[in-house]
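Asker: Need a 3D model of the following:
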Amino acid sequence: MRGKVKERKKPVRKFNANHTKKGVCMSADDLHNDFGIDTSCVHRWEREEGLIAIDNKQPALFHWQTIRQFFEYKNSSHKFPKGKEGEIACMKCRLKRKPFKDEVIIKKQSTKVIRIYALCECCGTAMNTTKNSACELEITLTWNYKVVETLSKFVKPNKQFIQRKDIPKLKFELQSPVKINPENERLKYKYYDRVISVEGWNEKTLDQIRGSMNAFDKFTNHADYKEFNFETAKAFVKEISKDKSINTIHRTLKNLQKFFVWLKEKDGYKKAIDIDCIDALTLSRKDKEKVNFVEPKEIIPLEEMEAVAMDFKPTNEMETRSQALLVFLLVGNGIRIESALETAIGDLNLRQSFVFQRNPKTGRPHRTDLLKFKQELFEILTKWVDLLKNQYNFTGKDPLFPRVQITLNNEFMFEKNGYKKEFITPNAVREQLEKLFENYHFTPHAVRYSLTSFFYESEITFEQEKAFSQNLGHKNLYTTRDSYYSLPEQKKTQIIKKFDIEEMKARNKAREMAEYDYIMRCISNPEQVKKVFDLITKSSEKP
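Answerer: Residues are numbered from 1 along each chain as shown. Okay, the predicted model is just below:
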């Protein structure tokens, strides 16, 4: 009995060189996972076509700049070589050839385009190409071709002709040299793999880590990490402080510190790297205060956001999606925009008022209970879900906020025509949401700040505060209190003006008296509380 026939792998014909990750070396397995290239194909490139590894060690690692240049070389190798003027591409020869007996047939494809038919002078294969209709005179006068109604029958010439496969293929050569330190690159490769597998950072954070490492290697001219010393650390801090923002500098130094702490535990680097040198990769105390300073966030009243969501009259698909997204951010307890755009229709349960989301930083799943707003807002969200399901046949696995479908109309003009089942990025909707608010610089995260400010101004209990913090997806109250809430200047002034120093002195002095302790103990007794209350009320009734 024959076994199951394996499906043949579809070879990759075109490579997008821009998708190579900057600042990282890749193995054959990485190229297979990211580009779908078979590992044996990568090893054949290294063995036969000149793909250069960083060293002779295993596993073979290839620098990202080398991979980018090699992909460009592979893409160009599939193109037809440039031929002489007037030649047409022959698909059998894989070269550009002249027409047989200089005869061509010209047919008008449209008012602006003509199609040219001919036979290859070497193999007799039918060739065709399109040209602008204005080139018809050029074909007859400049190229000296005859325009005929039927082509002559091809007679195979006696002379041998060259095909593209007979031309020796040139090996790949680097167009621009790549300066690296192989030992450093292998260490970074191990570190990146450790960061991905153990800490589970997302791709955006990994790009920041790679950028920090690349900036340091460029500054040291790819010197060995064993040569890292105190003077190098101080000079690097001084160099990046010239043209970088304080937050970028802090993030870069923090990433480097973490890397060198990890490297110091490896064999061969325990004595080479001093802990004082690692500590030198830090900001001054004054600059650290600037990093920790939290600017006051712009708070938008909830009433205004509700009014914008309900009064807005959408005129096209993008505006309809923006209105539904704003409502979702409000009732979804200020769900992060990245999580909102990754939400599927099945993750939203309007009957039981909750939505399942994933933290965009850690990927941790989290249930968010919807807040109880006006019924009109929920009706907008319900109509949006019904529109996707009924009119566009969306299912529970499809995106809740999909991409807008762009099609060509009868006049060959682009127009918006419904939605297609694809997820979108936050940049695609930020500007659309900001257009809804004229008096504020609106960002999707401003909904979280505004909701936090509203809850704290409402004097909620500790349990309510903790429930709201957990619903935001915060692990502790410190994040909610310090990062998301700050007193407005006007309210801070009102509170400070209510402080009476002399009255506070009198209260503090009364607390030191023995009678004060006795009275406080009596207040815990309900009968004593009633007697004190009766005494106070009687004294207040006397004229």
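Asker: For the rest of this, base every contact and every neighbour count on C-alpha atoms.
Answerer: Will do.
Asker: centroid residue for this protein?
Answerer: residue 204 (6.2 Å; CA atoms, centre = their mean).
Asker: hmm, who's touching the strand or helix carrying residue 129?
Answerer: Using DSSP states H and E, residue 129 falls within strand 126-132. Contact partners of strand 126-132, identified using CA atoms under 8 Å, 6 or more residues apart in numbering, comprise 88-91, 112-120.
Asker: What residues sit buried inside it?
Answerer: 126, 127, 128, 130, 131 (16 or more other CA atoms under 10 Å).
Asker: cool, and stretch 27-43?
Answerer: 27, 28, 29, 31, 32, 37, 38, 39, 42.
Asker: pLDDT added to the residues you listed, as TSV?
Answerer: Shown next, in TSV, are the buried residues of stretch 27-43 (pLDDT from 0 to 100):
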residue	pLDDT
27	91
28	91
29	90
31	90
32	88
37	87
38	88
39	90
42	90
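Asker: which SS state does the residue nearest to the centre of the chain fall under?
Answerer: helix (DSSP: H, G, I helix; E, B strand; the rest coil).
Asker: and the gap between it and residue 359?
Answerer: Distance, residue 204 to residue 359, using CA to CA, to the nearest Å: 14 Å.
Asker: My guess is residue 22 contacts residue 64. True?
Answerer: Yes. The pair residue 22 and residue 64 qualifies as a contact (CA atoms under 8 Å) at a distance of 6.2 Å.
Asker: Which one's more surrounded, the two?
Answerer: residue 64 (18 against 15; other CA atoms under 10 Å).
Asker: which residues does that one contact?
Answerer: Here residue 64 is in contact with 20, 21, 22, 23, 24, 25, 26 (CA under 8 Å, 6+ apart).
Asker: Tell me the buried residues within these.
Answerer: For the contacts of residue 64, buried by 16+ other CA under 10 Å: 20, 21, 23, 24, 25, 26.
Asker: Can you list the low-confidence ranges for the stretch 251-400 of the chain?
Answerer: 293-296, 361-363 (pLDDT under 70).
Asker: Helices of that one, start to end?
Answerer: Ranges of helices in the stretch 251-400 of the chain, per DSSP state H, counting those that start in this stretch, are 275-279, 285-292, 302-311, 317-331, 337-341, 375-386.
Asker: Which of those helices sits closest to residue 534?
Answerer: Proximity to residue 534 (CA to CA) singles out helix 302-311 among these, at 44.5 Å.
Asker: quick check: angle from that closest one to helix 317-331?
Answerer: Here helix 302-311 runs at an angle of 150 degrees relative to helix 317-331 (axes from the mean of the first three to the mean of the last three CA atoms, to 10 degrees).
Asker: switch to numbering from 373
Answerer: Happy to do that; since the first residue is 373 now, the last one works out to helix 674-683.
Asker: Distance from the chain centre to helix 674-683, please.
Answerer: Distance of helix 674-683 from the chain centroid (CA atoms, centre = their mean, to the nearest Å) equals 29 Å.
Asker: Equivalent analysis for stretch 848-865, please.
Answerer: 29 Å.
Asker: Straight-line length of that stretch, end to end?
Answerer: 29 Å.
Asker: Same check on stretch 888-907?
Answerer: From its first residue to its last, stretch 888-907 covers 17 Å (CA to CA).
Asker: Can you tell me what sits against that stretch?
Answerer: 882, 883.
Asker: mind putting the contacts of strand 498-504 in TSV, secondary structure and neighbour count included?
Answerer: Formatted as TSV, those follow (DSSP: H, G, I helix; E, B strand; the rest coil; neighbours: other CA atoms under 10 Å):
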residue	secondary structure	neighbour count
460	strand	22
461	strand	20
462	strand	25
463	coil	15
484	coil	10
485	strand	14
486	strand	18
487	strand	17
488	strand	19
489	strand	19
490	strand	27
491	strand	26
492	strand	25
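Asker: Serialize those residues to a markdown table and add fields for pLDDT and distance to residue 707.
Answerer: Putting these into a markdown table (pLDDT from 0 to 100; distance: CA to CA, whole Å) gives the following:
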| residue | pLDDT | distance to residue 707 |
| --- | --- | --- |
| 460 | 89 | 58 |
| 461 | 88 | 56 |
| 462 | 88 | 57 |
| 463 | 85 | 55 |
| 484 | 79 | 53 |
| 485 | 84 | 53 |
| 486 | 86 | 56 |
| 487 | 88 | 56 |
| 488 | 89 | 59 |
| 489 | 92 | 60 |
| 490 | 92 | 63 |
| 491 | 92 | 64 |
| 492 | 90 | 64 |
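Asker: which among the residues you listed gets closest to residue 587?
Answerer: residue 461 (46.6 Å).
Asker: dump the residue contacts of the closest one.
Answerer: Neighbours of residue 461 in contact, by CA under 8 Å, 6+ apart: 452, 467, 468, 469, 499, 500, 501.
Asker: rerun that using 6 Å as the cut-off
Answerer: 467, 468 (CA atoms under 6 Å, 6 or more residues apart in numbering).
Asker: ditto for residue 729
Answerer: With CA under 6 Å, 6+ apart, residue 729 has these contacts: 737, 738.
Asker: Mind doing that once more with 8 Å?
Answerer: Counting by CA under 8 Å, 6+ apart, residue 729 has contacts 711, 712, 714, 715, 719, 737, 738, 739, 740.
Asker: ditto for residue 431
Answerer: Contacts of residue 431 by CA under 8 Å, 6+ apart are residue 399.
Asker: now swap in residue 857 and tell me
Answerer: 821, 824, 825.
Asker: Out of those residues, list just those in helices.
Answerer: Residues of these located in helices (DSSP state H): 821, 824, 825.
Asker: which of those residues tops the neighbour count?
Answerer: residue 824 (23 neighbours).
Asker: my guess is it meets residue 856, correct?
Answerer: Yes. Between residue 824 and residue 856 there is a contact under CA under 8 Å: 6.6 Å.
Asker: where's the closest residue to residue 422 other than its chain neighbours relative to residue 453, distance?
Answerer: With CA to CA, 6 or more residues apart in numbering as the criterion, residue 422 has its nearest non-adjacent residue at 5.1 Å, and that residue is residue 544. Per CA to CA, residue 544 is found 16 Å from residue 453.
Asker: of the two, who's got more company?
Answerer: Comparing residue 544 with residue 453 by other CA under 10 Å, the one with more neighbours is residue 544, at 17 against 13.
Asker: right, and the more buried one touches residue 444 too?
Answerer: No. Assessed by CA under 8 Å, residue 544 is found out of contact with residue 444, at 10.2 Å.
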